[in-house]
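Engineer: Okay, predicted coordinates and the sequence, questions at the end:
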Amino acid sequence: MVNPTDTTADDIAKGAFEPGCAKVDPILVATNVTRSFGGNKAVDVAHLEIPRGKITALIGPNGAGKTTLFNLLTGFDKPNTGSWNFAGKDLAGVAPHKVARMGMVRTFQLTKALSLLTVIDNMRLGAQDNPGEKFFASFVKPLWAKQEQAITERADALLKRFKLDAKREDYAAALSGGQRKLLEMARALMSDPKLVMLDEPMAGVNPALTQSLLEHIKGLKASGTTVLFVEHDMHMVRHISDWVVVMAEGKIVAEGPPGIVMKNPAVIDAYLGAHADTDLGTVSIDTVKDSE
Amino acid sequence: MDFGQIFNLTLGEAIGVFTAAYALCALGLAMHFGYTGLLNFGQAGFAALGAYGYSVATLTFGWNMWGSLLFGMLCAAAFALILGIPTLRLRADYLAIVTIAAAQTLYYLFSNSQFANVTGGSNGLSQFGTDFYGANPIPEGRYNLGIITLSQDEIWIRIVAWGLVIIVALLLVVLTRSPWGRTLKGIREDEDAVRSLGKNVFAYKMQSLVLGGVIGSLGGMVFVMASQTNQPSTWVSNFTFMTWTVLLLGGAATILGPVVGSAVFFMFLMLTQGVLEGLVNIGALPFLSIAQVGQIRYLLVGVFLMVLVIFRPQGFFGNKKEMQFNG
């Protein structure tokens, strides 16, 4: 497995580490993407490039526009202006299901497990191009039985990796919040995406699971998948990301490798605020209280 | 009070034509609501289009049985498309509002005297089953089936009606157990999640709306073929709500549910009718007249449905495990 620290920042960016800087090998390039809700400009991104095959973290205070940007890029929301392309294909105005088929799959901040489907059915639904999902073909089992078998095997392998194999036949509704996060991530991987966009993968996951989730995300990178994730957990950001993009008030305010970005005055100002001196990677409730 | 006769009449309802018609309409609703989560409150409209499509094609166009059948189904499919294109992209509640309004619009359209030369206006249409009953292979006569005695035509319509129920039910069993059915259930749970997995949610919902609507149109055709009369007053929201009752009785996301639900519903109606009429006749219920019994039994249906929803919300055949999470 490739250790994320092996990649140096110079392999990722061309030139200086500044907001909107060009990347050596970008997979997703967005230009002038804006979205207003009433008079409030929720997203106002002049330029953003996501490096291919790396783990990129998107951080920023609440209301910075991270999730809205996710929604725009994946077609779940329509921007007021802007264009973006994914792996060379123009994506502006493309319906969300087509975005997913191109290999750009997302998860949601509020987990969307399909409650009254079993865990294995949730997984099977993540696979692409199943002929049995077509109306007329679904009547003729021989047309899809073989592919369904292959899909099930892949689903079982993923469930095992995510330690959900014991829950295979349970309804997704019977899983804990953290397990649902895992299921959603595993389900997103069923389509072998080129880019996975995880919206707060750690939220609500208990610390014991955190470590294994981190390993899964690193594993994705090792298998060639690009990862873009939104996260508030600085520990995770610092430990697994190759690149960090910081948003505040809809704009990209800083970019760079984690070690450098977190020392950036703009970031400290926008995000870390009064606790700039504490190591957020190891911050505990006590230290926060002490510094107040 | 003749309990033997009440019992026989009640059992006869289990294989009644209206029972089969409602079972078909409820199977269509099971497709819509139980498996896809589409709130269709206009099933009466789909059934009406089946009934009018068939009778108009026969009487006005002079088409045969098969052509009329196809035309009725096509009318329902077209109605589903017209309803679905603007509303299926919106939140589920909008479909409910639009379907109830559209079904009501159809009712006014069919009862309007403007088109009386085609639709028969408020009198409706009749005598459109010559071709259908002409195809009856059963020799003329009265047949004693043990509990009830039926004419050859009454047997023929029952065979066709229940044959349709069986075909549609088997079709739905195959569909709902396929990956296609799994995608629909996913949409029922959370359509954005399914969208994020690369499925064209709009196309799936449209397929479900058309399929369930066409099944409903078959129910409408069966309904009017029993007595070869098609009156616009049949297709009011009452029809829709009785279909919903049948569906919820049996269990929304089941195939057997709507069929058994329909049988139980009509047997219950017949049983209460017979018992109440008997009690009124022997003077046990001095505050009721025979004419009031018809209304009272629907009141009892309401009570029955409430009790069921409270104590067995998943219906007869629904999965108890599924309901526990709907909190």
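Structural biologist: Cool, the structure landed.
Engineer: all contacts plus neighbour counts: C-alpha atoms, from now on.
Structural biologist: Will do.
Engineer: If I look at B:M1, what pLDDT would I see?
Structural biologist: We note a pLDDT of 66 for B:M1 in this prediction.
Engineer: Same question for the one 5 residues further on.
Structural biologist: Model confidence at B:I6, given as pLDDT, is 89.
Engineer: quick one: contacts for it?
Structural biologist: Listed by C-alpha atoms under 8 Å, 6 or more residues apart in numbering or on different chains, the contact partners of B:I6 are B:M270, B:L271, B:G274, B:V275.
Engineer: Please point out which parts of the strand or helix carrying it sit buried.
Structural biologist: Using DSSP states H and E, B:I6 sits within helix B:3-14. By neighbour count on 16 or more other C-alpha atoms under 10 Å in any protein chain shown, the buried set for helix B:3-14 is B:I6, B:F7, B:L9, B:T10, B:L11, B:G12, B:E13, B:A14.
Engineer: mind listing what the residue lying closest to A:D165 once chain neighbours are set aside touches?
Structural biologist: Leaving aside its sequence neighbours, A:D165 sits nearest to A:L159 (C-alpha to C-alpha, 6 or more residues apart in numbering or on different chains; 4.9 Å). Shown in contact with A:L159 (C-alpha under 8 Å, 6+ apart): A:D165, A:R168, A:L183, A:A186.
Engineer: ok, back up a step: list the ones among the contacts of B:I6 that fall in helices.
Structural biologist: Here DSSP state H is the test, and the contacts of B:I6 give B:M270, B:L271, B:G274, B:V275 as lying in helices.
Engineer: State the distance from the residue located most distally from the centre of chain B to chain A.
Structural biologist: Most distant from the centre of chain B: B:G283, at 36.4 Å, with distances by C-alpha atoms, centre = their mean. Between B:G283 and chain A the computed distance is 52 Å (C-alpha to the nearest C-alpha, to the nearest Å).
Engineer: B:L276 too?
Structural biologist: Distance from B:L276 to chain A, by C-alpha to the nearest C-alpha: 42 Å.
Engineer: B:Y204 now?
Structural biologist: B:Y204 is 9 Å from chain A, where distance means C-alpha to the nearest C-alpha.
Engineer: And the closest residue to that residue other than its chain neighbours, which helix or strand is it part of?
Structural biologist: Leaving out its chain neighbours, the residue that sits closest to B:Y204 by C-alpha to C-alpha, 6+ apart is B:L184, at 6.8 Å. Using DSSP H and E, B:L184 falls within helix B:179-189.
Engineer: what does A:T67 give?
Structural biologist: A:T67 belongs to helix A:66-73, assigned by DSSP H and E.
Engineer: Now do the helix or strand harbouring B:G53: which elements does it pack against?
Structural biologist: Using DSSP H and E, B:G53 maps to helix B:43-59. On a contact count with 3 or more C-alpha pairs under 8 Å, 6 or more residues apart in numbering or on different chains; DSSP states H and E, helix B:43-59 meets helix B:17-29, helix B:65-87, helix B:92-111, helix B:116-119, helix B:201-225, strand B:229-230, helix B:237-250.
Engineer: hmm, 7 Å instead?
Structural biologist: Packing contacts for helix B:43-59, counted by 3 or more C-alpha pairs under 7 Å, 6 or more residues apart in numbering or on different chains; DSSP states H and E, involve helix B:65-87, helix B:92-111, helix B:201-225, helix B:237-250.
Engineer: I'd like the mean pLDDT over stretch B:235-250, please.
Structural biologist: Rounded mean pLDDT across stretch B:235-250 is 92.
Engineer: Stretch B:298-311 too?
Structural biologist: The model assigns stretch B:298-311 a mean pLDDT of 84.
Engineer: so how far is that stretch off the chain centroid?
Structural biologist: 19 Å (C-alpha atoms, centre = their mean, to the nearest Å).
Engineer: ok, and for that stretch, which residues are buried?
Structural biologist: Neighbour-count burial for stretch B:298-311 [16+ other C-alpha under 10 Å]: B:V301, B:L305, B:L308.
Engineer: One more: stretch A:236-250?
Structural biologist: By neighbour count with 16+ other C-alpha under 10 Å, stretch A:236-250 contains the buried residues A:236-238, A:240-250.
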